[in-house]
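K.L.:
Return a 3D structure for these sequence lines:
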Amino acid sequence: MRQTQLHVRKTATAAALMACIALSAFLGCQKARTNADFIPSQNQSLEALKAALDAWKAGTPSGPVPGTSPVVHITDSSRVAGQTLDDYEILGDVPGNAPRCIAVKLKLSNPAEEKRERFIIVGIDPLWIFRHEDYDLLLHWEHQMPTESKQVPATSPLDAKSEVPEQP
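P.N.:
Model prediction:
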């Protein structure tokens, strides 16, 4: 009976070892991802940008664009509260800090303004759309930080006047 249990253990161990080896071989043979794998096609980029701009026209704030697949997420810290997008015109590809950089002419109101902006599109799922300035700030770790609601006291216990013994 002991030999049967020992045989079962050895067989189970051998099977687990073979499964690990097979999994390692399978994973090792897979193609490594490159940056190019995360660049959406021109057509997909334009569709995502149109969906994001149409959502803005409909009053949707920056963030995930409802009803998109793959999910489109727009990051735009330059939007002014209360300012609305009346119309836009996609002008086409322009140079930028990413392979997919598209210029757009925006017609805004409250206050009325017309300007040209560049948008960067990256990713697979989700597709991320950044205003070019936001993308630059992220690349250099200079993005806007949210304001803290708690105030940190200006003093700490180390600031308290206490006598420190002098070293001989």
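K.L.:
low-confidence ranges in the protein?
P.N.:
Within the chain, the stretches with pLDDT under 70 are 1-31, 142-168.
K.L.:
so where do the strands sit in the chain?
P.N.:
Assigned by DSSP state E, the chain shows strands spanning 63-65, 72-75, 84-93, 101-109, 113-123, 127-131.
K.L.:
from those strands, which stretch is densest packed?
P.N.:
strand 127-131 (a mean of 23; mean count of other C-beta atoms under 10 Å). C-beta here means a position set from N, CA and C on the backbone, and glycine is covered the same way.
K.L.:
quick one, it and strand 113-123 angle?
P.N.:
150 degrees (axes from the mean of the first three to the mean of the last three C-alpha atoms, to 10 degrees).
K.L.:
Packing partners of strand 127-131?
P.N.:
helix 42-57, strand 72-75, strand 113-123 (3 or more C-beta pairs under 8 Å, 6 or more residues apart in numbering; DSSP states H and E).
K.L.:
Let's have the ones you listed in a markdown table, adding distance to residue 33.
P.N.:
Listed next are the helices and strands packed on strand 127-131 as a markdown table, based on distance: least, C-beta to C-beta, whole Å:
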| stretch | distance to residue 33 |
| --- | --- |
| helix 42-57 | 18 |
| strand 72-75 | 20 |
| strand 113-123 | 12 |
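K.L.:
per-domain residue ranges of the protein.
P.N.:
1-29, 39-139 (automatic domain parsing).
K.L.:
first to last residue in the longest one, what's the distance?
P.N.:
Counting by C-alpha to C-alpha, to the nearest Å, the length from the leading to the trailing residue of domain 39-139 is 17 Å.
K.L.:
Report the beta-bridge partners for residue 102.
P.N.:
residue 93, residue 119 (DSSP bridges).
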